[in-house]
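# coords please:
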Amino acid sequence: MNPISRVLYFLQQALRLLRTSPWLAAISVLTLAVSLSVVGVLAMGMLGAERLIDQLGERLTISVYISDGTSSQRTSQIEQRVKSHPGVTHVRLLTREADRERNRKLLDPALLAGLDQEAIPGQAVLELELDSGLASRNDLEALIQWAEKTKGVEAVEDVDFGADKLRLIFAIVEIVRSVGFVVASILLASALLFVFSTVRLAVYSRREEIEILALMGATPRFIRAPFLIEGAAQGLFGAVVAMGLLSALHSELYALVRDVYRIHLDWSLLPAGMIIWLLVAGPLLGLLASGVSVGRYLRV
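As a prediction, this is how the structure comes out:
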């Protein structure tokens, strides 16, 4: 048998094996698809969270509001104090009038019509720009503690540090890291078990034919090849279905992050790297399950 004929024979036999237990094969493919999709979501979710942390870190600021009536000398002392923090890269002082002008620009022009300018709030404030490298859990908590201490400084009325979004993202990342590995392992193990069972049933259903092939001198590799192709095919089909699921999920998750949390993040659940990973991981998982099944139950 020439190589081309042998390959065609293997493919034909693998297709025949899939037809032996079509429902079980379909369940195996679906289980693999769901497992690969969940692993992909977890992986890309982690990557998206890291990118989001980096983006928020680039805009990390603290506003230190100075009490009314504070002298310029005392304000300068407070400015020097906050500048001494190693994470502060730049400090900008806004006078009460400058802060009122900034707030005025934020208001709807329709609301400003006939409105007394003194009614627009304004307060002297120190705007602190922070090092983007501080966007980590430990550094964030240290900054929050420093901000709380700064509130107690004389002539400081309030400190505004929008750390809630970062805290939420860090919490999500920790949950994904803690739970994701366990969930992914369980799902992948379930998928492997289904592929294992499908190939095992195919082996049992063709025991007599396998024994005849062995008596005719067929090598173990020749006999195993169709079963391995069957497992790889199930893995490949599962990967293709997983790509479809991830593609459908992407638009929904992106809309959630954009519309609910008002965060614009350039990320995708199905980048080129994820497609390659799925197309490689799916068949490999199928080969692993079928290889174990054939090795255990096929006696040649």
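# who are the packing partners of the helix or strand that Ile27 is a member of?
Using DSSP states H and E, Ile27 falls within helix 22-58. Using 3 or more Cβ pairs under 8 Å, 6 or more residues apart in numbering; DSSP states H and E, the elements in contact with helix 22-58 are helix 164-205, helix 220-259, helix 272-297. (Glycine included, C-beta is placed from N, CA and C.)
# can you lay out those helices as JSON lines showing mean neighbour count?
Below are the helices and strands packed on helix 22-58 laid out as JSON lines (neighbours: other Cβ atoms under 10 Å):
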{"stretch": "helix 164-205", "mean neighbour count": "17"}
{"stretch": "helix 220-259", "mean neighbour count": "19"}
{"stretch": "helix 272-297", "mean neighbour count": "19"}
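# where among the ones you listed is average confidence lowest?
Among the helices and strands packed on helix 22-58, helix 164-205 carries the lowest mean pLDDT, at a mean of 76.
# and Gln12, helix, strand or coil?
helix (DSSP: H, G, I helix; E, B strand; the rest coil).
# tell me how far it lies from Ile229.
10 Å (Cβ to Cβ, to the nearest Å).
# picking that back up, out of the helices and strands packed on helix 22-58, flag the one nearest Pro109.
helix 220-259 (26.0 Å; Cβ to Cβ).
# quick one, helices of the stretch 1-150 of the chain?
If DSSP state H, counting those that start in this stretch is used as the criterion, the helices of the stretch 1-150 of the chain fall at 3-20, 22-58, 72-83, 96-106, 109-112, 137-151.
# pick the most deeply packed of those.
helix 22-58 (a mean of 19; mean count of other Cβ atoms under 10 Å).
# that helix versus helix 220-259: what angle between them?
40 degrees (axes from the mean of the first three to the mean of the last three Cα atoms, to 10 degrees).
# I'd like the mean pLDDT over helix 22-58, please.
77.
# for that helix, the distance to its chain's centre please.
7 Å (Cα atoms, centre = their mean, to the nearest Å).
# how about stretch 170-179?
Computed by Cα atoms, centre = their mean, the chain-centroid distance of stretch 170-179 equals 10 Å.
# now do stretch 198-206
38 Å.
# thinking again about what came up before, who wins for proximity to Tyr254 among the helices of the stretch 1-150 of the chain?
Counting by Cβ to Cβ, Tyr254 lies closest to helix 22-58 out of the helices of the stretch 1-150 of the chain; the figure is 9.5 Å.
# now the angle from that closest one to helix 164-205?
Inter-element angle recorded for helix 22-58 and helix 164-205: 160 degrees (by the same axes, to 10 degrees).
# quick one: helix 22-58 to helix 272-297, angle?
Using the same axes, to 10 degrees, helix 22-58 lies at 140 degrees relative to helix 272-297.
# what sits up against stretch 141-151?
Outside stretch 141-151, the residues within contact range by Cβ atoms under 8 Å, 6 or more residues apart in numbering are 62, 64, 81-82, 85, 87, 130, 134, 156, 158-159, 161, 163.
# switch these over to CSV; also include distance to Arg102 and pLDDT.
Output for the contacts of stretch 141-151, formatted as CSV (distance: Cβ to Cβ, whole Å; pLDDT from 0 to 100):
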residue, distance to Arg102, pLDDT
Ile62, 16, 84
Val64, 15, 89
Arg81, 23, 89
Val82, 19, 88
His85, 24, 84
Gly87, 24, 81
Leu130, 20, 79
Leu134, 25, 64
Val156, 20, 88
Asp158, 17, 87
Val159, 18, 86
Phe161, 18, 78
Ala163, 22, 67
